Structure formats: C-alpha cells, structure tokens
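Novice: have a look at this fold, sequence not included:
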C-alpha cells in the first residue's frame with residue numbers, strides 16, 4: 001500500500017482536517033514536527049512515509065478565496081523530486097490551467113485533482129472532453145459525505161469518462177479515525193475495472209486499516225491525521241510500503 005501524505009493549507013499554514021468541516025479546522029499539532037510550517041511538515045511526512053507524492057488541499061481556494069500561491073510555490077521549489085497533487089477547487093479545465101501556469105518554473109511537477117464537489121459541469125457536457133484529459137496523471141476525486149455524493153452525482157456513474165487515477169473520498173471520515181469506507185471503495189473498484197488506479201481517502205486508524213483497504217482494491221491512500229499522531233508505522237515497518 002502506497003501512502004500519500006496530505007497537507008491541508010489554510011492561510012498559509014497546515015491545519016488538521018476533521019470530517020470536512022472546514023470552518024472548524026485548527027493549526028496542526030504533529031508528532032513528527034513542531035509548528036505548522038508547510039515545507040517543514042511536508043518534508044517530515046514524506047520522509048516518514050518514504051513517499052514521492054504529496055497531496056495538497058488548498059482550503060482557501062476550495063472555499064472561494066484566492067489560491068495560496070506563495071505557500072504552493074514554496075512547496076514546489078523545496079520539493080523538486082516530489083509530485084504534488086493539488087486540489088484547489090477547480091471548477092473546470094480553464095481554472096486548473098490558470099493555477100498551474102501561475103506555479104510554472106523550476107521545482108516539482110504539479111498534477112491537478114478535480115473534485116466532484118467542485119466541478120461545474122456534468123460528465124460529457126455539450127460533448128466536450130472531461131477536464132482532466134488535458135493532464136497525464138490528473139485525478140478525479142469522487143467526493144461524498146455521510147454516503148451522499150457531493151457535487152453532480154452523475155460523476156459517480158460516468159465510469160467511461162473517469163481518468164486513470166481515481167480518488168474515493170469519504171469526507172465525513174477524514175480525521176475521524178472511524179475506519180475506511182471499504183464498501184464504497186470495493187463498489188468503485190468493480191465499476192472502474194482493472195485499468196484504473198484507486199486511491200482512498202478518509203478513516204485510516206492504523207496499519208490494519210491500510211491492509212484492509214489494499215484487499216478492497218486500493219493502490220494507495222491519502223493520510224494525514226494517522227501520520228501526525230504516529231498511528232501507522234514509518235516506511236519499512238510492518239503495514240506500510242512506499
């Protein structure tokens with residue numbers, strides 16, 4: 001199981017995400033590193049997981065404010081060997097293009113994540129190509145809370161339009177330590193077929209959860225709280241692989 005560490009950025013600092021209730025997020029308290037500096041925490045998390053991929057949720061952009069370009073550029077320049085997955089509330093391909101253009105230059109590769117809660121158009125609107133077709137490796141995040149799809153529910157059924165990388169996001173389980181939503185993951189695995197990589201998000205408590213998620217069809221999992229609280233072992237120990 002490949003663990004992808006997550007940092008949630010709010011006002012330029014890392015916060016602890018709990019159940020997707022973004023108005024209640026507070027600065028992170030981490031067992032890996034003191035403080036809430038994005039670059040320092042990202043380095044600590046990547047080293048702990050031996051990961052070369054970092055997921056960044058720009059909460060300012062996700063809540064309708066300006067993207068945190070200064071913090072994002074600092075991460076990109078500080079982590080040149082890391083692939084950065086960026087969820088910044090992209091409503092369409094044009095927004096993602098503008099955001100990535102603002103981050104151009106030397107540094108890490110940035111890959112956009114399109115969340116179903118943010119996309120402004122349903123699948124195949126007006127016969128157009130899905131917005132993620134522009135970027136190799138871009139991901140579609142199928143977002144839900146309390147079992148209900150967020151955004152246009154048609155994205156959950158439009159498997160023909162899905163990209164090669166899918167995130168199955170249970171927002172109500174993020175930071176809640178209630179275990180992963182394995183039933184939904186397995187259902188999407190069956191719908192997606194064998195040619196797509198599934199990445200889960202939300203609920204991980206320990207190494208046993210990661211093993212169960214792998215058995216249910218996940219290739220990777222987005223993790224934050226369980227890393228900060230040292231609930232999962234560092235890379236190289238039982239229950240984790242890079």
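Specialist: Arrived safely, thanks for sending. Computed from a predicted structure; not experimentally measured.
Novice: now the helices: where do they sit in this protein?
Specialist: Along the chain, counting by DSSP state H, helices occupy 38-49, 59-62, 69-78, 93-102, 182-192, 207-216, 225-228.
Novice: now the ones you listed as JSON lines including distance to residue 11?
Specialist: (Glycine included, C-beta is placed from N, CA and C.) Output for the helices of the chain, formatted as JSON lines (distance: least, C-beta to C-beta, whole Å):
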{"stretch": "helix 38-49", "distance to residue 11": "11"}
{"stretch": "helix 59-62", "distance to residue 11": "7"}
{"stretch": "helix 69-78", "distance to residue 11": "9"}
{"stretch": "helix 93-102", "distance to residue 11": "18"}
{"stretch": "helix 182-192", "distance to residue 11": "32"}
{"stretch": "helix 207-216", "distance to residue 11": "31"}
{"stretch": "helix 225-228", "distance to residue 11": "19"}
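Novice: any chance of the ones you listed in CSV, with distance to residue 161, mean pLDDT and mean neighbour count too?
Specialist: Formatted as CSV, the entries for those read as follows, by distance: least, C-beta to C-beta, whole Å; pLDDT from 0 to 100; neighbours: other C-beta atoms under 10 Å:
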stretch, distance to residue 161, mean pLDDT, mean neighbour count
helix 38-49, 31, 97, 20
helix 59-62, 22, 93, 20
helix 69-78, 28, 95, 18
helix 93-102, 13, 90, 16
helix 182-192, 12, 93, 17
helix 207-216, 23, 94, 18
helix 225-228, 32, 94, 22
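Novice: do you know how far residue 214 is from residue 189?
Specialist: Using C-beta to C-beta, to the nearest Å, we find residue 214 at a distance of 11 Å from residue 189.
Novice: helices or strands up against the strand ranked longest in the chain?
Specialist: Across the chain, the strand with the greatest residue count (assigned by DSSP state E) is strand 2-10. Using 3 or more C-beta pairs under 8 Å, 6 or more residues apart in numbering; DSSP states H and E, the elements in contact with strand 2-10 are strand 13-16, helix 38-49, strand 53-58, helix 59-62, strand 220-223.
Novice: centre of the chain to the longest one, how far?
Specialist: Here the centre of mass of C-alpha atoms in helix 38-49, compared against the chain's by C-alpha atoms, centre = their mean, to the nearest Å, lies 15 Å away.
Novice: for residue 82, which residues are in contact?
Specialist: Listed by C-beta atoms under 8 Å, 6 or more residues apart in numbering, the contact set of residue 82 reads 42, 46, 52, 53, 54, 108.
Novice: re earlier: can you redo the helices and strands packed on strand 2-10 as JSON lines with distance to residue 235?
Specialist: Below are the helices and strands packed on strand 2-10 laid out as JSON lines (distance: least, C-beta to C-beta, whole Å):
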{"stretch": "strand 13-16", "distance to residue 235": "20"}
{"stretch": "helix 38-49", "distance to residue 235": "6"}
{"stretch": "strand 53-58", "distance to residue 235": "13"}
{"stretch": "helix 59-62", "distance to residue 235": "27"}
{"stretch": "strand 220-223", "distance to residue 235": "12"}
